[in-house]
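Peer 1: sharing a sequence plus its predicted fold:
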Amino acid sequence: MSSTRRQFLKASFGASTLLSLGRRVPGFLARAAEAESVRPGGDKILVVVQMAGGNDGLNTVVPYADDVYQRSRPTLRLTARQVHKIDSHLGFHPRMQGFLRLLDEGHLSVVQGVGYPHFDRNHEGSMHIWQTAVVDPAKATTGWLGRAVDHIYRPETAQVPAVYTGEIAQPFAVRAPRAIVPTIRALREATLQPGPGGRGGQRAAAEPDATNPLLDFVRRGAAAAEVRSRRIEAMAEARHSALAAGYPPFQFAEMLHTIAELIRADVGVRIYYTELGGPSPGGFDNHAGQLDNHAALLEQLSESVAGFVHDLARDGLLDRVLLMTFSEFGRTLRENGRRGTDHGTAAPMFLAGGRLTGRLIGAHPSLTDLEGDEMKFHTDFRQVYATVLDQWLEIDSRAVLGARFEPVAMLRG
Amino acid sequence: MSMDSHEAGVQMTDPAWAWAPYRPDARRPWDLRRVAHLYRRAAFGANWEQLQRALAAGPQPAIDRLLEPAGDVAAFQRTYDEYEATAGDDGESVSGWWLRRMIESPHPLLEKITLFWHNHFAAGISKVGSGDWMRRYVQLLRAHAMGPLEPLVRATSHNLAVLLWLDATANSREKLNENFARGLLELYCLGPGKSSPQNVHEAARAQTGWFIERGSLRYFERLHDPGPKTIFGQRGNWTVDDLARIAVAQPATSRWIVRKLYRWLVSETEDPSDALLAPLVESYAKDHDMARLLGVVLRSNRFFSAAAYRQRVKSPVELAVGTLRGLERLVPMPPLVEDLAAMGQNLCDPPTPNGWEGGRTWITAATMISRNNLAAALLDPTGRYGENLDPQAVAGRHGYGDRDSAQTWLWDLFLQGDVSPAVRTMAASSTLRTLAYRIITLPEFQLA
């Protein structure tokens, strides 16, 4: 057991309230906690950020030096002077200082030119494809992460290693056939709230029941709940607010901070899913007057993720975490005459974490060698998913995605 | 409750005994435990009066009453149908009204079976999109819930929500769409792996001509393949209505439905042998009538034996509806719909075409926290459910005004003494409200 875990366990079980329960209960809880420390497949954590609406990759990672870019966007173009230069060709949007810093620290990668064949240019259709990792809608009855979770979920452990943190209804990506993925918007939803008279009857769990294995199982679930709740409470008590911890004042940052707290609490969750952009069609869908709206969203994304990364780095947890963003498509190369852009195709995905191989993964799509007026993708998003599944989460990607996809060299072993 | 070894021995070897009607005796008395067990399974739970009345009446009359309640049930259903229609296209409202109907209905067994069919036909609003279509779909299930299977299956083959759910919105002789046929055979009737690709193909041909166009179901004769089809050995110029008849008649269908109902009503911890289910299957295959099958199952020795007792996990809906029925009050539905979704049961949105897996998957560290938090919120007079639940008032109404008798009453109402003295001591409280919260959050209470 790592020293951080030992520390938190101590903090959890040192509470004086435990003594009032009687001798047996702490033993049961301690055994449940020990059982938890055996983690199949290691303890790497994936955080997926959904950016709904279709993010304009061209104005996020800007090919500022490219003439075609400048000419295609008379009102929306960003110049060499405005961007945060990554190299002599590309630069980040002016409001993404955080991302530049992360890139320079080696904590951010940009996977360029991501997409899939025969792009669906409708929000619902394309988002469904990204969330299910299946191109044929009739076959897509579950989310890719839901299937991944089901792959490692064993009902008898009473633990589902995934959490969704967001305001909108639970996205399809985490829909699993069996596992129930909880929605946690604030830490109080993840802890046992006291009812009338204080704590509930779960604590009355005594010795295992020899006559009814099902009751025994529920008791173990109750003990697991107790352990989980105490760990999170102990974490919350010891930490600061999001602002004090260096996060910017955005709701998205709050969500990432909540995720960081849950990671610190070490409750066996390996997959976190959150979102920026809200419900369908999504805030990134800027058909008109894109400039300011997009800038605000990119600032939220960049600064919140930077806060999250630095928060985890301070606790020595960054090497265990990989954050990945996606959006259902990019935007059109040319702006549309309403100072906005329409639904496009290829776009970048961002990776943030402690074990990345490089700054830019893959070349920026050509702005001249187009397919039907739009940029061509060169990396299928399912390759990125497969890499994350196989190399990071150690879950069989072929079983989850239904086929083998060529991995992308983006993670350090 | 310990298993009687004689009973266990008999159960394991004799399917005929298993399905013979339960007659109370010294070893298996008709007591509060068995009454409450019946009501948990056939009705989400009971209030005190229902428990006492059934205790006095005996098992068979109690079951009669659950199958065919007294009073003007039709009037209740009409009233609720009208309420529901006000929900419009709002899926959450549709769910809220259904939940409320489960709590208030004089025919809760009908709601339990409607929910069974919902889990079976498993259409969900996340794909169907329209709250109005979902409402009509649930109404269809309710209308056919207790009757024979064939009309139910036939009706679903014309239902917008089901067709959309199965991605069966367009099927023509030129461009054959097998999705409906596959759903009908593999999910709804015979179960997975029981129909050859040839049968699926031929069944798909029978369903050609059906389209969903601009929110309506339409049939185009010229797009229908009128030729002969051979499905499960039967040859004819079959249409979609013939499909229901042919599929339902297959022996595998009776086995599939009976096995699912066993899990729903009898036990989630057991994979019953074909031999055990054979008498039920044989009986059901005669007319595929749900009410008749229910009668046999609910009245049976098996149902009242240790093999069934506390061998299911209460789904979120059962937990909430049972608690509210017991405490004889309604609470606001919108927050309840949300809280149940957080526990893994978004009514009107099952996770996959296989419905909710149920059983042990309802219980995880996270869902146990959600169950606790729901109980805490329900019993907290200052919480989001307001002051609606008042266990003390209910106890008083039934004549248990003083503190000690009220506490005993509550243990009897909710758990019928199925807790050890140690647990009872640990949960002891100064107020009835506190005791109610502690009981509802006990592991014992999570079992149906």
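Peer 2: On my side now, so go ahead. Numbering: from 1, shown residues only, chains lettered A, B, ... in the order given.
Peer 1: residue 252 sits in which helix or strand?
Peer 2: Picked chain A for this. Assessed by DSSP states H and E, residue A:252 sits inside helix A:251-265.
Peer 1: my question was about chain B
Peer 2: With DSSP H and E as the test, residue B:252 turns up in helix B:251-265.
Peer 1: which helices and strands does that helix pack with?
Peer 2: Packed against helix B:251-265 by the contact rule (3 or more C-beta pairs under 8 Å, 6 or more residues apart in numbering or on different chains; DSSP states H and E) you find helix B:108-121, helix B:274-287, helix B:290-298. (Glycine included, C-beta is placed from N, CA and C.)
Peer 1: after the first one, which helix or strand is next?
Peer 2: To tie it back to what came earlier, the one meant is helix B:108-121. Toward the C-terminus from helix B:108-121 - assigned by DSSP H and E - lies helix B:125-128.
Peer 1: now whichever helix or strand comes after that next one: how far from the chain's centre is it?
Peer 2: For helix B:125-128, the following helix or strand on the C-terminal side (DSSP H and E) is helix B:131-144. From the chain centre to the centre of helix B:131-144 is a distance of 15 Å (C-alpha atoms, centre = their mean, to the nearest Å).
Peer 1: list the buried residues for helix B:131-144?
Peer 2: Within helix B:131-144, the residues scored as buried using 16 or more other C-beta atoms under 10 Å in any protein chain shown are B:131-142, B:144.
Peer 1: mind exporting the C-alpha coordinates of it to CSV?
Peer 2: Listed next in CSV are the C-alpha coordinates belonging to helix B:131-144 (Å, rounded to 0.1, in the frame of the first residue of the first chain):
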residue,chain,number,x,y,z
GLY,B,131,-42.0,11.6,-24.0
ASP,B,132,-45.4,11.3,-25.7
TRP,B,133,-44.3,8.1,-27.5
MET,B,134,-43.0,6.6,-24.3
ARG,B,135,-46.2,7.4,-22.6
ARG,B,136,-48.2,5.5,-25.3
TYR,B,137,-45.7,2.7,-25.1
VAL,B,138,-46.2,2.3,-21.4
GLN,B,139,-49.9,2.5,-21.8
LEU,B,140,-49.8,-0.3,-24.4
LEU,B,141,-47.8,-2.4,-22.0
ARG,B,142,-50.2,-1.8,-19.2
ALA,B,143,-53.3,-2.5,-21.4
HIS,B,144,-51.9,-6.0,-22.3
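Peer 1: quick one: the strands in the chain, in order.
Peer 2: Since no chain was named, I'll use chain A. Ranges of strands within chain A are A:45-51, A:61-62, A:84-85, A:91-92, A:108-115, A:162-165, A:271-276, A:321-327, A:347-353, A:360-361, A:379-380, based on DSSP state E.
Peer 1: was after chain B, sorry
Peer 2: So, for chain B - with DSSP E - the strands run B:210-213, B:216-219, B:229-231, B:234-236.
Peer 1: let me know which of those is tucked in deepest.
Peer 2: Greatest average neighbour count among the strands of chain B goes to strand B:229-231 (a mean of 20), per mean count of other C-beta atoms under 10 Å in any protein chain shown.
Peer 1: which residues sit against that one?
Peer 2: With contact meaning C-beta atoms under 8 Å, 6 or more residues apart in numbering or on different chains, strand B:229-231 is reached by B:199, B:202-203, B:205-206, B:235-238, B:243, B:246.
Peer 1: ditto for stretch B:134-150
Peer 2: So stretch B:134-150 is in contact with B:77, B:81, B:84-85, B:87, B:91, B:94, B:98, B:110-111, B:113-114, B:116-118, B:121, B:123, B:125, B:128, B:151-152, B:155-156, B:159-162, B:244-245, B:248, B:253, B:257, B:287-291, B:294, B:348, going by C-beta under 8 Å, 6+ apart.
Peer 1: any chance of a PyMOL selection covering the buried ones in those?
Peer 2: Of these, the buried ones can be selected in PyMOL as follows, counting by 16+ other C-beta under 10 Å:
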select buried, chain B and resi 77+84+87+91+94+98+110+111+113+114+116+117+118+121+123+125+128+152+155+156+159+160+161+162+244+248+253+257+288+290+294+348
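Peer 1: picking up where we left off before, tabulate the helices and strands packed on helix B:251-265 (TSV), appending mean pLDDT and distance to residue A:143.
Peer 2: Below are the helices and strands packed on helix B:251-265 laid out as TSV (pLDDT from 0 to 100; distance: least, C-beta to C-beta, whole Å):
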stretch	mean pLDDT	distance to residue A:143
helix B:108-121	98	20
helix B:274-287	97	34
helix B:290-298	98	34
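Peer 1: save the strands of chain B as CSV, and put in mean pLDDT and distance to residue A:71 too.
Peer 2: Putting these into CSV (pLDDT from 0 to 100; distance: least, C-beta to C-beta, whole Å) gives the following:
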stretch, mean pLDDT, distance to residue A:71
strand B:210-213, 94, 44
strand B:216-219, 95, 48
strand B:229-231, 97, 61
strand B:234-236, 97, 67
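Peer 1: out of these, which gets nearest to residue A:186?
Peer 2: If you check each of the strands of chain B against residue A:186 by C-beta to C-beta, strand B:210-213 wins as the nearest, at 40.9 Å.
Peer 1: who are the packing partners of that closest one?
Peer 2: helix B:160-165, strand B:216-219.
Peer 1: how many residues are close by residue 100?
Peer 2: Going with chain A. Using other C-beta atoms under 10 Å in any protein chain shown, residue A:100 has 19 neighbouring residues.
Peer 1: my bad, the chain I had in mind was chain B
Peer 2: With other C-beta under 10 Å as criterion, residue B:100 counts 21.
Peer 1: then residue A:60?
Peer 2: 27.
Peer 1: now do the phi/psi pair for the nearest residue to it once chain neighbours are set aside.
Peer 2: Leaving aside its chain neighbours, residue A:60 sits nearest to residue A:93 (5.5 Å; criterion: C-beta to C-beta, 6 or more residues apart in numbering or on different chains). Per-residue torsions, residue A:93: phi -50, psi 140 (degrees, to the nearest 10).
Peer 1: now do the contacts for residue A:93.
Peer 2: Counting by C-beta under 8 Å, 6+ apart, the residues that residue A:93 touches are A:59-60, A:62, A:78, A:83-84, A:294-295, A:298, A:302.
Peer 1: contact residues of the stretch 101-250 of chain B facing chain A?
Peer 2: B:126, B:167, B:179 (C-beta under 8 Å from any C-beta of the partner chain).
Peer 1: what residues does residue 367 make contact with?
Peer 2: Chain wasn't specified; assuming chain A. Neighbours of residue A:367 in contact, by C-beta under 8 Å, 6+ apart: A:63, A:66, A:68-69, A:72, A:333, A:375.
Peer 1: wait, I meant chain B there
Peer 2: If you count contacts by C-beta under 8 Å, 6+ apart, then residue B:367 has A:180, A:182, A:221, B:316, B:343-344 around it.
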